[in-house]
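In: Sharing a model prediction with you, sequence too.
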Amino acid sequence: MTEPTETAATFHRIAEERRTIRAFLPDPVPPEVLDRCLDSALRAASSSNLQPWEFVILKDPEVRKQANAICFEQRGPQTAPVLLAIVTHRGTQKRHCRFILDTLQERGILRKSQQQYWGKLMPLIYAQGPCGILGIFKKAASRVTSLFRPMHNMLSRADLRVMTHKSTALAAATFMLALRAEGFDSCPMEGFDPWRARKLLKLPRGADVCMFLAIGKRAEKGLWWERILVPREWTVREL
């Protein structure tokens with residue numbers, strides 16, 4: 001039996017220690033710790049490397065008060081010294097595609113295939129047209145094509161929203177593990193008013209709050225119960 005390396009063992013311990021904490025101590029989170037964790041989160045994998053996320057740190061007391069109300073006055077955000085909104089964007093792809101191409105050009109490694117991918121394919125996949133009609137047509141056409149050969153889902157508006165939320169969730173998970181590695185805890189929340197959240201954060205069209213994240217050190221009763229995992233065979237299989 002192969003034993004884990006020291007690095008692997010450390011990671012598995014951090015994953016085991018990460019829990020959703022419902023109440024926090026008032027101890028502040030040092031800015032340098034938060035910055036290191038954010039830098040790790042920003043290195044997370046994302047679809048086509050488009051990094052459709054934004055981490056909004058809520059510092060203003062009035063904004064925090066409104067955010068607590070939007071999160072239904074849950075104990076986590078009420079007691080946490082730091083509260084973030086993790087936002088997903090569907091409208092940043094043009095800027096990010098251009099940045100990727102410019103960076104590859106500056107590094108002297110830009111290839112024609114990359115120009116085709118980020119310059120033409122990605123804009124086509126993201127395009128939705130008036131009232132999302134083009135997106136619906138693209139999805140239907142790609143589904144018909146897939147009956148005959150493997151075909152990429154050309155993405156309706158709903159598909160695009162799912163894709164950007166998946167990438168943003170990867171960054172959020174990386175962030176939470178980084179916080180635990182630094183000795184801090186977190187509470188991710190999907191229970192909030194999404195419409196008021198968008199208004200509070202002044203989000204543009206095509207942006208949504210993926211989750212709120214309360215951060216701090218766990219209070220004595222911040223952990224409600226021992227972890228409950230469904231049987232492994234329910235969630236892992238071989239084919």
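Out: Okay, I see it.
In: other SSEs contacting the top strand by length along the chain?
Out: Counting residues, the longest strand found in the chain (DSSP state E) is strand 207-216. Secondary-structure packing of strand 207-216 (3 or more Cβ pairs under 8 Å, 6 or more residues apart in numbering; DSSP states H and E): helix 75-79, strand 82-89, helix 157-181, strand 185-189, helix 194-200. In short, each C-beta sits where N, CA and C put it, glycine included.
In: and if we set it to 6 Å?
Out: Other helices and strands packing on strand 207-216, by 3 or more Cβ pairs under 6 Å, 6 or more residues apart in numbering; DSSP states H and E, are strand 82-89, strand 185-189.
In: Out of these, the one nearest residue 16 is which?
Out: Nearest to residue 16, of all the helices and strands packed on strand 207-216, is strand 185-189, at 13.3 Å by Cβ to Cβ.
In: Just put the helices and strands packed on strand 207-216 in TSV and tack on mean pLDDT and mean neighbour count.
Out: Shown next, in TSV, are the helices and strands packed on strand 207-216 (pLDDT from 0 to 100; neighbours: other Cβ atoms under 10 Å):
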stretch	mean pLDDT	mean neighbour count
strand 82-89	98	22
strand 185-189	98	24
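In: and residue 13, which of these is closest to it?
Out: Closest of the helices and strands packed on strand 207-216 to residue 13 is strand 185-189, at 14.7 Å (criterion: Cβ to Cβ).
In: Tell me the gap between the closest one and the middle of its chain.
Out: 13 Å (Cα atoms, centre = their mean, to the nearest Å).
In: Please write out the alpha-carbon positions of it in PDB.
Out: Coordinates of each C-alpha in strand 185-189 appear next as PDB, following Å, rounded to 0.1, in the frame of the first residue of the first chain:
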ATOM      1  CA  ASP A 185     -12.900  28.800   8.700                       C
ATOM      2  CA  SER A 186     -15.800  29.600   6.300                       C
ATOM      3  CA  CYS A 187     -19.500  29.300   5.800                       C
ATOM      4  CA  PRO A 188     -20.700  29.200   2.100                       C
ATOM      5  CA  MET A 189     -24.300  30.400   1.700                       C
END
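In: relative orientation of it and strand 207-216 in degrees?
Out: 150 degrees (axes from the mean of the first three to the mean of the last three Cα atoms, to 10 degrees).
In: per-residue pLDDT, the residue positioned nearest the centre of the chain?
Out: Central residue of the chain (Cα atoms, centre = their mean): residue 168, 2.1 Å from the mean position. Per-residue pLDDT puts residue 168 at 98.
In: How about residue 219?
Out: 97.
In: and it, how many neighbours?
Out: Applying other Cβ atoms under 10 Å, we find 17 other residues in the vicinity of residue 219.
In: Let me see the backbone angles for it.
Out: Note on residue 219: its backbone torsions stand at phi -80, psi 170 [degrees, to the nearest 10].
In: For it, give me its contacts.
Out: With contacts defined as Cβ atoms under 6 Å, 6 or more residues apart in numbering, the neighbours of residue 219 are 23-25.
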